[in-house]
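>>> any chance you could fold what I've pasted below:
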Amino acid sequence: MITITRERQWAVAPGVACALAALLLGVLAALPSTAQAQVFEEFVDFHPTTEQFEFDRWPYPLQDEINARIRELARQHPQIARAHHIGDSQQGQELWMIEITNFDTGPAESKPGVWFEAGIHPDELPGLPYMRYVIERLIAMYGEDPAVTRLVDTRTFYILPDVNPDAHRIVLSAHPAWPGHKPEEHPGKDLNGDGYITQMRWKEQPDDEEYRLLTEGQLPDSPEHVDSMGAVWRQSTDTRWEMKDRERHWTGRREQPDYNRQWAEEWSAADPAAGDYPFSLPETYAVAKALTDRRNIFFFYDVHSANVGREFMIRPLSNAPHQAMHHEDNDWYVRLAAAWAHISPADPTLSDYYTPAGTGGTIGGLPPDWAYLHQGIFGLGGELGGTGRDYDGNGEVLPDELERWHQEEMGGRYAQPWEPFDHPVLGAVEIGGPHVSSQGQFPPAIGDLMEDRTDKSFKFLMYAAGLAPEVKVVDVVAAPETDGTHRVVATIRNEGWISTYITRKALEISGATTQAGPGAALKIRRREFPVLVDIEIEGGELVEGSSHQDIGHLLGKLAHIRQWADGGEEVPSKTVEWRVRPTGDGPVTVRVRASAHKAGADQQTITLGEER
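Residues are numbered from 1 along each chain as shown. All right, here's what the predicted structure looks like:
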């Protein structure tokens, strides 16, 4: 008789989710049972306390408060949260990353990991609260929401809310009424003492039909303003300032160097915003090192903000067509795009390569491309946020809709009434109008818009986390041999959607395919890590077979679908065999464990002896 006990290092998450586009669903419905489509998780609604999250807060909190909250959560919830200081900004602000997983189900790096970050660009702010929301919801709903609990038990979440805190300290302190304001760091001046830098308007001649407009405290011939980071602020509209490069004044770049052009893959010295060399900034270096040091990470997500009425995702490749990517990897992005469109209807997934001529063909050094091309993992960027409401449903928030939202729903709170003022140089003027900053007049997301969008973003990221590979020991059987030994056979399967190598690009980087990469000879750049199987025996000895075996990789369901459709025969499971001999009269215990850096671990134990 053989007695079997299950000893899971982390629980197998059920199919985390996917109702894809109609065409994809139709294809999947025709496939074998091993290739069935995912079903979206049902999440319990999250209603945060004001301590956890405030949907109406503006301006958003600065780095000191964010860091303090991360450390506080780690102290309050040591079973599922740990805080890590991964580096410092150029101006010495600490970068704290929070690690969320159930440590009772295994060390963080024993489970598939995801990296979420936000805030690379100074005036793209929604990602900061979006990431804080993910942190708060994962921790608050652990043990309350079955879907969240399963994911925290079986995945590891690494979340860095702000990559660029120095710039955000300036942008989020634009007005004297806002915490941290330093007058010398901002263009304009609060002349009338109402706490905001707004606008001045006047008519040079009494019978002029139109007003002249300037930022409050500026003069028509005022020099460009240079902040403490060396960035030039120039007025681009009546209500917005842009941060430009002091030396090159290159249109379209917000600082020098641009944190979003700093990443090693496709980095170009010819790009005026790329910096002296890849990762020359301490912030980008800290992220790259922290991510590379954690071999369990399979998905990298970097949040930006387009500040428009709709939200969209940016996928690799940024300087090559989709055909340059292995079709198996492209399949994953197609699936993710369908999931995003399902969760956030009418919001697309795009590639910078396919943007208008003159942009996509030259872009390089982006974080998602670095994740895919250099790390061999899936990378994605989110262009999220956007103020106002699309009243006519055409997919855009037009200026008249924005002003309608501001007046009807926000009560005009982001503008000051016009009041007369005696200016020492210009004479009689009026001061008032919109709050001027590099962000623009309005917060990028607030109130019910923030509540809706953070919920959608959370569900999308949980869907992506649920696609991880999942190594499982599905069966261990033993049969007695005539010589007194036992033949032990273990079946190892990948029950996740992604293959254990994660991407075909990872195989190329490591030289594990015929398309050998630069690290093929010495494995110095290895990015794919195979499934390892170990056997431990008590009361017996190993006669045949290795106690530690590299069984290569196991296909995920997505890859199996592709290979099945292409006529392939490989299935996402393999068997391993040993011969075991008892060394005494007592029972023999055999434990088989399978693990992979990015696919977790599982084990099963059988007891031999009663059949002898």
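>>> let me see the ranges of the strands in the stretch 201-350 of the chain.
All strands of the stretch 201-350 of the chain, identified by DSSP state E, counting those that start in this stretch, fall at 212-215, 225-226, 231-235, 241-245, 297-304, 312-314, 349-350.
>>> could you list the buried residues of the longest one?
For strand 297-304, the neighbour count (16 or more other C-beta atoms under 10 Å) marks I297, F298, F299, F300, Y301, D302, V303, H304 as buried. To be clear about C-beta, it is placed using only N, CA and C from the backbone, and glycine gets the same treatment.
>>> go on, stretch 328-341?
Judged by neighbour count using 16+ other C-beta under 10 Å, the buried positions of stretch 328-341 are 328-341.
>>> re earlier: any idea which of the strands of the stretch 201-350 of the chain scores lowest on pLDDT?
Of all the strands of the stretch 201-350 of the chain, mean pLDDT reaches its minimum on strand 241-245 (a mean of 59).
>>> what does F116 show for phi and psi?
Dihedral pair for F116: phi -120, psi 140, per degrees, to the nearest 10.
>>> what does D162 give?
Dihedral angles for D162 - degrees, to the nearest 10 - are phi -150, psi 110.
>>> ok, it to G143 distance?
Between D162 and G143 the distance is 28 Å, computed by C-beta to C-beta, to the nearest Å.
>>> more neighbours: which of the two?
When neighbours are counted by other C-beta atoms under 10 Å, D162 and G143 differ, and D162 comes out ahead with 29 against 13.
>>> helix or strand for I170, which one?
helix 165-171 (DSSP states H and E).
>>> mean confidence (pLDDT) on that helix, please.
On average, helix 165-171 scores 91.
>>> helices or strands up against it?
helix 63-76 (3 or more C-beta pairs under 8 Å, 6 or more residues apart in numbering; DSSP states H and E).
>>> switch the cut-off to 7 Å
Packing contacts for helix 165-171, counted by 3 or more C-beta pairs under 7 Å, 6 or more residues apart in numbering; DSSP states H and E, involve no helix or strand.
>>> and it, how far from the chain's centre?
21 Å (C-alpha atoms, centre = their mean, to the nearest Å).
>>> swap in stretch 480-492?
46 Å.
>>> got the buried residues for that stretch?
T485, H486, R487, V488, A490, T491, I492.
>>> could you list the low-confidence segments of the stretch 1-150 of the chain?
1-39 (pLDDT under 70).
>>> quick one, strands of it?
3-7, 81-88, 94-100, 113-118.
>>> tabulate those (JSON lines), appending mean neighbour count.
Putting the strands of the stretch 1-150 of the chain into JSON lines (neighbours: other C-beta atoms under 10 Å) gives the following:
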{"stretch": "strand 3-7", "mean neighbour count": "11"}
{"stretch": "strand 81-88", "mean neighbour count": "17"}
{"stretch": "strand 94-100", "mean neighbour count": "22"}
{"stretch": "strand 113-118", "mean neighbour count": "26"}
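>>> out of the ones you listed, nearest to G447?
Of all the strands of the stretch 1-150 of the chain, strand 113-118 sits nearest to G447, with 19.6 Å by C-beta to C-beta.
>>> isn't F460 right next to I343, touching?
Yes: using C-beta atoms under 7 Å, F460 is in contact with I343, at 5.0 Å.
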